[in-house]
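**Q** Attaching a predicted model along with its sequence, questions to come.
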Amino acid sequence: MRTTTRFKQLIEAPELLMMPGVHDALSARIAENAGFDAVTAAGFAATGALLGQPDSSQLSASEMADHYARICDAVDIPVFVDADTGFGNVTNVRRTVRDFERAGVSGLFIEDQIFPKRCGHTPGKDVVPVEEFLGKLKAALDARRDPDFTIMARTDALGVIGIDEAILRGQMAAEIGADMIFVEAPPTVEAMRRVCAEIDAPHFANMVDFGGSPLLTANELQAVGYAAAVWPVASVFTVTKALQSMYATLKKDGTTKAAQPGMVDFDAYTALVGLPELRDQEESYLQTTRDYLARRRNAAE
C-alpha cells in the first residue's frame, strides 16, 4: 500500500492519529521504532537542525524537499510535512507540491502567513488576503499527481484577525477541496471546540510545547473533535537539552563518563540504524557472487 493511501486511512479512522515531530532521519527512525503510525516534519525543527537558526523562511523549497526525502528514505511509515507559505505565488506552490511528492512525503500543508513567515506561536505574524491564500491552496490541489496525497490548509488568522475570520477561512478551504483543516494556535479549549464544530472537515491539532494553545492529551483532543495531532517541537527541544547537558559534562570533567547513563550504548545505536542488517546484506551479495564463480569454474572443468 502506498504511504499516501495509508495516511488517508489513518486520518479517516475513528481514532485520533498521533504524529510526533521529527527533525531528521534518525529521529524519524526512533519514532517509527517507538510504534507510531506516522510522523510529521516541520520548518521550525528543520531550520534548527539544518541551520541552527529560527523558523523564519530561511530554508528554500529545494532544501526542504531534500531534507524530507532523507526522512522518507529512513522509514516505512507516512511522513506529513510543512510547506510553509508555498515558497512563492501559485506557480511556486505547484512546483513545491510536485517536488515534495517526489521526495516521498504523504501530504503537506500550505499556510496563509505573509512571507517571510514566523512560527505560529510567536508574536508579530500576519496573513495574506484570503483570495491569495485560496488561490495557493487551489494550485496545490491541482498540482498533486496522487489523488491520495493529502493537502491540508492552515490558517493563522485567529491570532491576527480573530476566530471568526479563522473559521471562515477554514470553511472556504474545506469547500474548495482541502483534505484537512489546521487553525493555528487556538488559545483555549473552547476555541478548539468551536473550530472543530463550525468547519466541516477533519481537523489537525498542533501541540507546541510551551506554546500558545492548551497542551491536551490525545484522548482529550479526540473528544474535542480532532482527527490528527502533532507534537512538532518536542524532539528538537529534547535533543537540545540532552546535548547541552552532555557537552557541559564533557567540558567540566574532560570525559563523557558521567553522561553515559543518558546515552544508548554502541550496540543499541548500531542496531537502531540497521548495521546488522546492512552487514547481512553485504555478505549475501558476496555469497551470491562466490556461488556464481564456483558454478562457472565447475562448468569450465
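**A** Arrived safely. Because the structure is a prediction, the values reported are computed rather than measured.

**Q** pretty sure residue 59 is in a strand, no?
**A** No: with DSSP: H, G, I helix; E, B strand; the rest coil as the criterion, residue 59 is located in coil rather than a strand.

**Q** contacting residues for it?
**A** 43, 46, 47, 50, 51, 67 (CB atoms under 8 Å, 6 or more residues apart in numbering). Every residue, glycine included, has its C-beta placed from N, CA and C.

**Q** what do you get for residue 83?
**A** Going by CB under 8 Å, 6+ apart, residue 83 touches 61, 64, 93, 96, 97, 100, 108, 109, 110, 140.

**Q** got a winner among the contacts of residue 59 for most neighbours?
**A** Neighbours here mean other CB atoms under 10 Å. Within the contacts of residue 59, the largest count is held by residue 46, at 25 neighbours.

**Q** which SSE is that residue in?
**A** Here residue 46, judged by DSSP states H and E, is contained in helix 43-51.

**Q** Extract the C-alpha trace of the helix or strand following that helix and format it as CSV.
**A** Using DSSP H and E, the helix or strand that follows helix 43-51 in sequence is helix 61-74. The C-alpha trace of helix 61-74 is given here as CSV (Å, rounded to 0.1, in the frame of the first residue of the first chain):
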residue,chain,number,x,y,z
ALA,A,61,11.8,24.7,-1.1
SER,A,62,14.6,22.6,-2.6
GLU,A,63,16.4,22.4,0.7
MET,A,64,13.2,21.3,2.4
ALA,A,65,12.5,18.7,-0.3
ASP,A,66,15.9,17.2,0.2
HIS,A,67,15.5,17.1,3.9
TYR,A,68,12.1,15.5,3.7
ALA,A,69,13.4,12.9,1.1
ARG,A,70,16.1,11.7,3.6
ILE,A,71,13.5,11.3,6.3
CYS,A,72,11.2,9.4,4.0
ASP,A,73,14.1,7.1,3.0
ALA,A,74,14.7,6.2,6.6
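
**Q** Note down every partner strand of the next helix or strand along the chain from helix 61-74 and its orientation.
**A** Later in the chain than helix 61-74, the nearest helix or strand by DSSP H and E is strand 79-82. Applying DSSP bridges, strand 79-82 is found paired with strand 39-41 (parallel), strand 107-111 (parallel).

**Q** So residue 204, which state does it fall into?
**A** Quick answer, by three-state DSSP: residue 204 is strand.

**Q** could we number from 780 for the rest of this?
**A** Okay, residue one is now 780; in that scheme the one you just asked about reads as residue 983.

**Q** who's in contact with it?
**A** Shown in contact with residue 983 (CB under 8 Å, 6+ apart): 888, 931, 933, 959, 960, 961, 1005, 1006, 1007, 1008, 1009.

**Q** can I assume the second one sits in a strand?
**A** So the one you mean is residue 931. Yes: assessed by three-state DSSP, residue 931 belongs to a strand.
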